[in-house]
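**Student:** no FASTA, just this:
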DNA sequence: AGAATTAAAGACTTTTTTATCCACTAAACA
DNA sequence: TGTTTAGTGGATAAAAAAGTCTTTAATTCT
């Protein structure tokens, strides 16, 4: 569904936004540790975020990543588009290149509903709405300190 | 979402079922041509289907692939499980290894709905229900003869 | 100016997925 | 029994995704 790169991007963006709220601009080393992602790969993914202006980056001492307009709602959709492109949002579960209502695959009607609900979902969920859940304790940003069920 | 292997498997299975209805047992060469999939890769995928007893294979003259009990409804879900495993059906859009209601990611509630609807869908859609659409002309098995929008 | 800090960029490696090829085996049939 | 037909299985290759490393550039602080 989502590439690892997109997952890391989303987690990182939430963390950056929350730290910005606290008045700091985290660097990719810190981000990678806090969201549980590979350091250098995270750096690369954040480069892409910066290149597409979803966040800004400051170099040197006191530098790091930050949102220019933190109050502007940023849907997860925007991050996915930048990292994975928008192939999925018009994709076909049967593997057709050009599956549509005029020339549907045998799963078209059923899959279109799922796919469109997903599209709607990632447009509705934003960095801010996710950050809020983490702040009020109804969700977490990483599972670094979770004991896996198999390890109990 | 689905691997190429799973897509090819699903398309092939529908074709095999339809040909069985007509009294023939197609070979992987024919199948690959008819569903528009790479020949040798399709052979591999069908081996897996055979190994897991979803279909049977006959060698030698008059051989090919066939369903032992064609009337027994086969949900797409079964094919996906054999090829891709069932990781997706409990997966997390945020990338958590063990995302659940007790320890949710910030997208958990929203994504769980999508994911579960998808699971339900692939359990409801069967090889037979798809074949029926193709037979009555409301869907097609391949897009081999479709002119792509960009090529018009 | 110089040292320290931090992101940017690009090359590189590893792993996974997708795809191909060929030798082998089993079945059918003449 | 020999020939043809068709799937099986293992090796290999190519491409994409995931991850790593090193150098360079920009910024800040002293």
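**Tutor:** Done, it's in. Note that this is a predicted model, so its numbers are computed, not measured.

**Student:** Please make it C-alpha for all contacts and neighbour counts, starting now.
**Tutor:** Noted.

**Student:** check contacts around residue A:99.
**Tutor:** Residue A:99 sits next to A:91-92, A:105, A:108 when contact means Cα atoms under 8 Å, 6 or more residues apart in numbering or on different chains.

**Student:** Rebuild these as JSON lines, extending it with distance to residue A:125.
**Tutor:** Compiled in JSON lines, the contacts of residue A:99 are given as follows (distance: Cα to Cα, whole Å):
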{"residue": "A:91", "distance to residue A:125": "21"}
{"residue": "A:92", "distance to residue A:125": "23"}
{"residue": "A:105", "distance to residue A:125": "30"}
{"residue": "A:108", "distance to residue A:125": "25"}
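
**Student:** Top of these by number of neighbours, please.
**Tutor:** In terms of neighbours by other Cα atoms under 10 Å in any protein chain shown, those top out with residue A:105 at 27 neighbours.

**Student:** Quick check, that one in contact with residue B:141.
**Tutor:** Yes - Residue A:105 is within contact range of residue B:141, at 6.5 Å (criterion: Cα atoms under 8 Å).

**Student:** Show me the shaky parts of chain A.
**Tutor:** For chain A, the stretches with pLDDT under 70 are A:146-152.

**Student:** Which residue is the nearest non-sequential neighbour of the residue in chain A positioned nearest to chain B?
**Tutor:** In chain A, the residue that lies nearest chain B is residue A:1 (4.6 Å; Cα to the nearest Cα). If the residues on either side of it in the chain are set aside, residue A:1 comes closest to residue B:1, at 4.6 Å by Cα to Cα, 6 or more residues apart in numbering or on different chains.

**Student:** I'd assumed residue A:89 was in contact with that neighbour.
**Tutor:** No - under the criterion of Cα under 8 Å, residue B:1 makes no contact with residue A:89, lying 11.4 Å away.

**Student:** which parts of stretch A:92-104 are buried?
**Tutor:** Of the residues in stretch A:92-104, A:92-96, A:98-99, A:103-104 count as buried by neighbour count, 16 or more other Cα atoms under 10 Å in any protein chain shown.

**Student:** and residue A:57, helix, strand or coil?
**Tutor:** At residue A:57 the chain is in strand, as set by DSSP: H, G, I helix; E, B strand; the rest coil.

**Student:** so what's it bridging to?
**Tutor:** Going by DSSP bridges, residue A:57 is paired in beta bridges with residue A:65.

**Student:** Now do the contacts for it.
**Tutor:** Residues in contact with residue A:57 (Cα under 8 Å, 6+ apart) are A:50, A:63-66.

**Student:** How far does stretch A:132-145 sit from its chain's centre?
**Tutor:** 15 Å (Cα atoms, centre = their mean, to the nearest Å).

**Student:** Report the buried residues of the helix or strand harbouring residue A:129.
**Tutor:** According to DSSP states H and E, residue A:129 maps onto helix A:127-135. Across helix A:127-135, burial judged by 16+ other Cα under 10 Å covers A:127-134.

**Student:** neighbours of the residue nearest to residue A:1, just the number please.
**Tutor:** Residue B:1 has 12 neighbours, counted by other Cα under 10 Å.

**Student:** now residue A:44
**Tutor:** With other Cα under 10 Å as criterion, residue A:44 counts 14.

**Student:** residues touching it, list them.
**Tutor:** With contacts defined as Cα under 8 Å, 6+ apart, residue A:44 has no neighbours.

**Student:** In chain A, what residue comes closest to DNA strand C?
**Tutor:** Per Cα to the nearest atom of the strand, residue A:27 is where chain A lies closest to DNA strand C, at 2.6 Å.

**Student:** Isn't that residue up against residue A:64?
**Tutor:** Yes - using Cα under 8 Å, residue A:27 is in contact with residue A:64, at 4.4 Å.

**Student:** Is DNA strand D within reach of stretch A:93-106?
**Tutor:** No - Stretch A:93-106 does not reach DNA strand D (Cα under 7 Å from any atom of the strand); its nearest approach is 14.7 Å.

**Student:** ah, wrong one, I meant stretch A:33-49
**Tutor:** Yes - using Cα under 7 Å from any atom of the strand, stretch A:33-49 reaches DNA strand D at A:38-41, A:44.
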